[in-house]
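Trainee: Mind looking at a prediction? Sequence and model below.
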Amino acid sequence: CLATLIIMLVGDTYTLINYVSFINYLCYGVTIIGLIVLRWKKPKIFRPIKVNLLIPITYLAFWAFLLIFSLYSEPIVCGVGLIIILTGVPVFFLGVYWRNKPKCVNRLIESMTCWGQKLCFVVYPQEGVAEEE
């Protein structure tokens, strides 16, 4: 979010759309690769929707072409898009991977989560609390 705000202040909206488009297509392809890997490594797990593997493989072929073409035609935009994605790596390590955080860090993360839930009008059910009917 902070990177987006900085880009909005520095650049124009069309540049931001180009960055986000590259990020979206990259995430779509990685998701389809994950689908294929799960179908291969864990064929017995429950899947509500199951499609022929030819469909995701065909999608990946077109995806690879478009991604390589994007990298060739606009390497700066793609590089900035990758940098935007990589800004989430420290957040992952601080919030998820680091298990034995000090209490002050946990309180900070909980307060930011609560603030974000209030800002976006979303609340997740708490564990151990019975839902009211």
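Mentor: Great, that's in hand.

Trainee: most centrally placed residue in the chain?
Mentor: residue 27 (6.8 Å; C-alpha atoms, centre = their mean).

Trainee: how far away is it from residue 84?
Mentor: According to C-beta to C-beta, to the nearest Å, residue 27 stands 12 Å off from residue 84. The C-beta positions use only the backbone N, C-alpha and C, and glycine is treated the same way.

Trainee: now the helices for the protein?
Mentor: 2-10, 13-41, 54-73, 75-86, 88-92, 103-120 (DSSP state H).

Trainee: The shortest one: how far from the chain's middle?
Mentor: Which is helix 88-92. In terms of C-alpha atoms, centre = their mean, to the nearest Å, the gap separating the centre of helix 88-92 from the centre of its chain is 11 Å.

Trainee: now it: mean pLDDT?
Mentor: For helix 88-92, mean pLDDT rounds to 88.

Trainee: which stretches of the protein have low pLDDT?
Mentor: For the chain, applying pLDDT under 70 flags the ranges 3-4, 7-8, 10-11, 124-133.

Trainee: try it again with 50
Mentor: The chain contains residues with pLDDT under 50 at 132-133.

Trainee: outside of stretch 103-121, which residues touch it?
Mentor: Residues from elsewhere that reach stretch 103-121 (C-beta atoms under 8 Å, 6 or more residues apart in numbering): 94-95, 101, 123-124.

Trainee: No further questions, thank you.
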